[in-house]
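# Give me the fold of what follows.
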Amino acid sequence: MTRELLLLRHGKSSWASPGLSDHDRPLNSRGVEATTQMGRLILSQRLLPALVRCSTAVRTCETWRVMAETWAEIGVPLPTYQTDSQLYLATVAQLATTIQATDDAVPRLMLIGHNPGLEELFAQLSGRHEEIPTACLMALRLPINHWLEFTPSTRSEVLGLWRPRELDVN
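As a prediction, the model looks like this:
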């Protein structure tokens, strides 16, 4: 048995209100558009997760909301969703702890978070150093039977890496 891990960097955030803390910055219009594209891509690639764990930052929660609305509009049942304060600007070690705490009933987990943690985790799992811009989706197949077996050095198969600017806009 294998497990699948989806890593999604939040959509592009707004800097229109300089008084807002980093945690409280919302998505801008480009972020909403790119997130909608990623939501459609997840469906077209048959990558709907069973569980979504999301940083508590406003921009990550809005990324989830936009994707969920995209899926709900066409009647797709929504995955279980949880916010996790440990995912805000998480290090690779913090991401690994979150992944290891996942119930084995979940075959595909999605984390919605931030760089540099997501970029670093992808590099360690894939052996590839890639630019991970906002709203970038990374899909990995992990050669583990139980989430507790996960480590950042688990060499994984890359199922796909999608950047919004590389997608065909319909």
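# residue ranges with poor pLDDT in this structure?
The chain contains residues with pLDDT under 70 at 168-170.
# 80 instead, please
In the predicted model, the chain carries pLDDT under 80 at residues 1, 168-170.
# For L8, which three-state class applies?
Three-state call for L8 (DSSP: H, G, I helix; E, B strand; the rest coil): strand.
# Give the bridge partners for it, please.
On the basis of DSSP bridges, L8 is bridged to I112, L137.
# Where do the strands of the protein begin and end?
3-9, 51-54, 80-83, 108-113, 137-142, 157-162 (DSSP state E).
# want to throw those strands into JSON lines with distance to L89?
All C-beta atoms are positioned from the backbone trio N, CA, C, and that covers glycine. Shown next, in JSON lines, are the strands of the chain (distance: least, C-beta to C-beta, whole Å):
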{"stretch": "strand 3-9", "distance to L89": "12"}
{"stretch": "strand 51-54", "distance to L89": "13"}
{"stretch": "strand 80-83", "distance to L89": "14"}
{"stretch": "strand 108-113", "distance to L89": "8"}
{"stretch": "strand 137-142", "distance to L89": "18"}
{"stretch": "strand 157-162", "distance to L89": "22"}
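# so which of these comes closest to L95?
strand 108-113 (6.6 Å; C-beta to C-beta).
# and the angle for the closest one with strand 137-142?
Comparing the axes of strand 108-113 and strand 137-142 via axes from the mean of the first three to the mean of the last three C-alpha atoms, to 10 degrees yields an angle of 140 degrees.
# the inter-axis angle of strand 108-113 versus strand 3-9?
Orientation of strand 108-113 against strand 3-9 (the same axes, to 10 degrees) gives an angle of 20 degrees.
# what's strand 108-113 packed up against?
Judged by 3 or more C-beta pairs under 8 Å, 6 or more residues apart in numbering; DSSP states H and E, strand 108-113 is in contact with strand 3-9, strand 51-54, helix 58-73, helix 92-100.
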